[in-house]
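A.B. asks: The amino acid sequence is not available; the structure is as follows:
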Ligand code: GUN
């Protein structure tokens with residue numbers, strides 16, 4: 001029987017542990033973890049994500065602050081806000097929701113965040129620490145950290161002898177995911193849009209991680225029988241069967257057909273998705289602990 005990996009349950013147990021640790025940090029040191037989430041513009045999906053991050057931070061007992069800048073905000077305005085948050089001792093984590101409106105350049109904004117407060121793990125200092133095998137002193141990008149936690153539930157922490165294939169090479173997910181798998185001793189292949197014969201490469205994977213943003217691209221015959229499949233895609237597609245104009249969320253994996261081939265698989269929704277917010281809370285707690293000394 002295929003194991004359907006329950007990300008909701010895994011995320012809930014991370015949240016419970018974070019909530020308890022936050023309370024004891026505050027009790028013992030007076031430091032309340034603080035998370036500032038910054039959003040620019042009016043994109044409804046981004047607003048929904050940001051609201052759920054702020055709400056979860058409150059639920060964990062954090063000082064939860066949200067800054068909304070208008071669609072036409074200037075680069076300097078955004079960087080000035082980040083500078084203020086960097087200097088604010090009540091704030092331990094800063095997240096600037098991506099993507100930014102087209103006229104803004106994300107890279108200098110990310111580089112302007114103090115690495116100690118970069119709870120997204122996107123600053124070159126944090127990205128570099130993972131790349132050099134230092135998983136202990138920086139902050140690790142939330143979605144790959146959450147996906148790894150699910151992989152560890154199936155395979156334990158040592159992936160020696162296992163082949164892993166990551167499809168997608170973004171800074172936010174694919175690259176750090178591949179590096180975390182490598183640090184856990186997996187033999188890692190990074191595949192992407194220019195890879196030739198992707199299906200054959202995927203079939204070598206004991207752990208197949210899909211993060212391409214293409215609905216149901218990974219077919220059943222791309223999956224090695226018994227493999228662990230981690231689906232990071234969140235794609236909204238039309239669902240005429242639910243009524244006119246209705247939509248549903250699907251992953252990058254053709255779940256209905258792959259579920260019978262895989263040994264373990266994450267569903268969409270309810271797989272990797274809930275882990276991202278949970279790991280954001282964990283990163284904010286870690287940053288607060290370090291600030292408290
Ligand atoms: N947009 C979609 N996912 C993320 C994320 O994990 N962090 C940020 N900053 N923006 C995102």
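C.D. replies: Received, thanks. Quantities reported herein were computed from a predicted structural model and do not represent experimental measurements.

A.B. asks: Going by C-alpha atoms from here, please, whenever you check contacts or count neighbours.
C.D. replies: Will do.

A.B. asks: And residue 150, which helix or strand is it part of?
C.D. replies: For residue 150, the host element (DSSP states H and E) is helix 142-155.

A.B. asks: The helix or strand just after that helix packs against which elements?
C.D. replies: As assigned by DSSP H and E, the chain's next helix or strand after helix 142-155 is strand 163-167. Judged by 3 or more CA pairs under 8 Å, 6 or more residues apart in numbering; DSSP states H and E, strand 163-167 is in contact with helix 174-183, strand 187-191, strand 207-210.

A.B. asks: The ligand: which of the ones you listed is closest?
C.D. replies: helix 174-183 (12.2 Å; CA to the nearest ligand atom).

A.B. asks: who touches the closest one?
C.D. replies: Contacts with helix 174-183, where a contact means CA atoms under 8 Å, 6 or more residues apart in numbering, come from 127, 130-131, 133, 140-141, 144-145, 147-148, 159, 164, 166-169, 187-190, 211.

A.B. asks: Which of these are buried? Put it as a PyMOL command.
C.D. replies: To isolate the buried members of the contacts of helix 174-183 in PyMOL, using 16 or more other CA atoms under 10 Å:
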select buried, resi 127+130+131+140+141+144+145+147+148+159+164+166+167+168+169+187+188+189+190+211
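
A.B. asks: can you tell me which of the contacts of helix 174-183 are up against the ligand?
C.D. replies: Near the ligand, taking CA under 6 Å from any ligand atom as the test, no member of those is found.

A.B. asks: elements contacting the helix holding residue 150?
C.D. replies: helix 174-183, strand 228-231, helix 273-292.

A.B. asks: can I get those in a markdown table with distance to the ligand and mean neighbour count?
C.D. replies: Output for the helices and strands packed on helix 142-155, formatted as a markdown table (distance: least, CA to the nearest ligand atom, whole Å; neighbours: other CA atoms under 10 Å):
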| stretch | distance to the ligand | mean neighbour count |
| --- | --- | --- |
| helix 174-183 | 12 | 23 |
| strand 228-231 | 15 | 28 |
| helix 273-292 | 7 | 23 |
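
A.B. asks: So which of those is nearest residue 78?
C.D. replies: helix 273-292 (20.9 Å; CA to CA).

A.B. asks: can I get the helices and strands packed on strand 163-167 in a markdown table with mean pLDDT?
C.D. replies: What follows is those, written out as a markdown table (pLDDT from 0 to 100):
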| stretch | mean pLDDT |
| --- | --- |
| helix 174-183 | 98 |
| strand 187-191 | 98 |
| strand 207-210 | 99 |
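
A.B. asks: Which one of those lies nearest to residue 280?
C.D. replies: Of the helices and strands packed on strand 163-167, nearest to residue 280 by CA to CA is helix 174-183, at 15.1 Å.

A.B. asks: Next, the angle from that closest one to strand 187-191.
C.D. replies: 170 degrees (axes from the mean of the first three to the mean of the last three CA atoms, to 10 degrees).

A.B. asks: any idea of the angle helix 174-183 forms with strand 163-167?
C.D. replies: Going by the same axes, to 10 degrees, helix 174-183 makes 170 degrees with strand 163-167.

A.B. asks: So what does residue 86 look like in phi/psi?
C.D. replies: Backbone geometry at residue 86, expressed as degrees, to the nearest 10, gives phi -60, psi -40.

A.B. asks: Next one: it from the ligand, what distance?
C.D. replies: Separation of residue 86 from the ligand (CA to the nearest ligand atom, to the nearest Å) stands at 16 Å.

A.B. asks: Hmm, residue 116 and that residue touching each other?
C.D. replies: No. Counting by CA atoms under 8 Å, residue 86 does not reach residue 116; the two are 9.2 Å apart.

A.B. asks: Listing request: residues of the protein with sub-threshold pLDDT.
C.D. replies: For the chain, no stretch has pLDDT under 70.

A.B. asks: can I assume residue 129 is in contact with residue 123?
C.D. replies: No. Residue 129 is not in contact with residue 123 according to CA under 8 Å; the separation is 10.0 Å.
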